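S.K.: Got a predicted structure here, sequence first:
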Amino acid sequence: MDIFKTLTFAGIVGFLTATMGVIVKVIGLPDQIRKNHKRKSTEGLSTTFIVLTLIAYALWTLHGFLQKDNVLIIGQGIGIITTGIILWQIIRYKKRA
């Protein structure tokens, strides 16, 4: 098949990187959001880590806009939404404590 002739190591790594990024943002972070909501607590989460993650996703999204790369914009935009929700939960649930 021609598809196997065009596969390169860089292409495979790129595909796996994109796939794992989507899995983290579509399965991993929403799972954490559900867990936080169920417990009404974000105990054990690092606020610093979540803020840094949100900044990283925002910068990657900005980079995507500057490069006119819709895949980057959408993928990293999902990261902004999910980490933004977790940051909101941290703020909300700390007020209850």
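M.R.: That came through, no problem.

S.K.: Wait, residue 36 touches residue 93, no?
M.R.: Yes: applying Cβ atoms under 8 Å, one finds residue 36 in contact with residue 93, separated by 7.1 Å. In this view, the C-beta of every residue, glycine as well, is placed from N, C-alpha and C.

S.K.: so which strand or helix has the residue nearest to residue 70 when sequence neighbours are not counted?
M.R.: Closest residue to residue 70 apart from its sequence neighbours, by Cβ to Cβ, 6 or more residues apart in numbering: residue 64 at 7.4 Å. In this structure, residue 64 is located in helix 47-67 according to DSSP states H and E.

S.K.: Now that helix: buried residues?
M.R.: Neighbour-count burial for helix 47-67 flags 50, 53-54, 57-58, 60-61, 64 (criterion: 16 or more other Cβ atoms under 10 Å).

S.K.: For those, could you give me CSV that also reports pLDDT and distance to residue 28?
M.R.: As requested, those are arranged in CSV below (pLDDT from 0 to 100; distance: Cβ to Cβ, whole Å):
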residue, pLDDT, distance to residue 28
50, 97, 13
53, 96, 12
54, 97, 15
57, 95, 13
58, 97, 19
60, 94, 17
61, 94, 18
64, 93, 21
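
S.K.: Cool, thanks, talk later.
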